[in-house]
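> any chance you can model this:
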Amino acid sequence: MLVGADLGTVLWRGMMDALADGRLQTGPDPLDRWIRAHMPATTPELHAVDSSLSSPIHLDFRGLAIAAGLGWDSRLKMVLHPEAGPWVGLRVAILTTEKLTVTGPLPSPSPCDGCPAPCQTACPARALKPDLDIQTCLSFQQQDEGCPSGCHARMACVVGREFVQGEAQLRFHRKG
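Residues are numbered from 1 along each chain as shown. Model prediction:
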């Protein structure tokens, strides 16, 4: 089974290969279009909802992931996966009328509890006080320099270091 960032790497490579060989046309939102093309077929009992802004249904993917036991809430207000840390992308929710076994949320403590918080000191905007102050972060991002290579706080997280995305993938997600 693919875990968090492993699946993200597979999706990223698949999208890049499809762009390179023409199976996916260049244009806006190539990752959203790639994900939509590869979502499971829906039936009356199963409905897939993607996380793009163009989706007709808007869900709190982070809240759903935490409730489902995929990870904990973190200081960065991102899902902190037990293995992949903050390097998990939430792209699709599968809704069903079937009765499922509850598997979450994950028990406490989270890896953030008791952590020396290198994320807090790595943030050039000082937006973690100790949790993310989104207004401070967004104001800093509006500056000329911002964080062009990605979120320094996310990069400093000690959980899931082996799942940090490559430069091209970081640049792709940063340009939005």
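
> next, the nearest residue to G160 once chain neighbours are set aside: phi, psi?
Nearest residue to G160, sequence neighbours excluded (CB to CB, 6 or more residues apart in numbering): G85, at 2.6 Å. Any C-beta I mention is one placed from the backbone N, CA and C, and that applies to glycine too. With angles defined as degrees, to the nearest 10, G85 sits at phi 60, psi -140.

> how about the lengthiest helix in the chain: buried residues?
In the chain, taking DSSP state H as the definition, the longest helix is helix 4-21. Buried residues in helix 4-21, defined by neighbour count with 16 or more other CB atoms under 10 Å: 4-5, 8-9, 11-12, 14-16, 18.

> and the residue nearest the centre of this protein?
G89 (2.8 Å; CA atoms, centre = their mean).

> do you know the pLDDT at that residue?
With respect to pLDDT, G89 has a value of 82.

> ok, the one 4 residues further on next?
Turning to A93, the model gives it a pLDDT of 79.

> who does the strand or helix carrying it pair up with?
Using DSSP states H and E, A93 sits in strand 92-96. Strand 92-96 has its sheet partners listed here by DSSP bridges as strand 46-50 (antiparallel).

> can you give me the mean pLDDT across the partner strand?
64.

> report the helix or strand with the lowest average pLDDT across this protein.
The weakest-scoring helix or strand in the chain, judged by mean pLDDT, DSSP states H and E, is strand 46-50 (a mean of 64).

> just the CA trace of the host helix or strand of L31, in PDB.
Using DSSP H and E, L31 sits in helix 30-37. In PDB, the C-alpha atoms belonging to helix 30-37 read as follows (Å, rounded to 0.1, in the frame of the first residue of the first chain):
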ATOM      1  CA  PRO A  30      -2.900  20.200 -14.600                       C
ATOM      2  CA  LEU A  31      -2.700  18.300 -11.300                       C
ATOM      3  CA  ASP A  32      -6.500  18.800 -10.600                       C
ATOM      4  CA  ARG A  33      -7.300  17.700 -14.200                       C
ATOM      5  CA  TRP A  34      -5.000  14.600 -13.800                       C
ATOM      6  CA  ILE A  35      -6.600  13.700 -10.400                       C
ATOM      7  CA  ARG A  36     -10.100  14.100 -11.800                       C
ATOM      8  CA  ALA A  37      -9.300  11.800 -14.800                       C
END
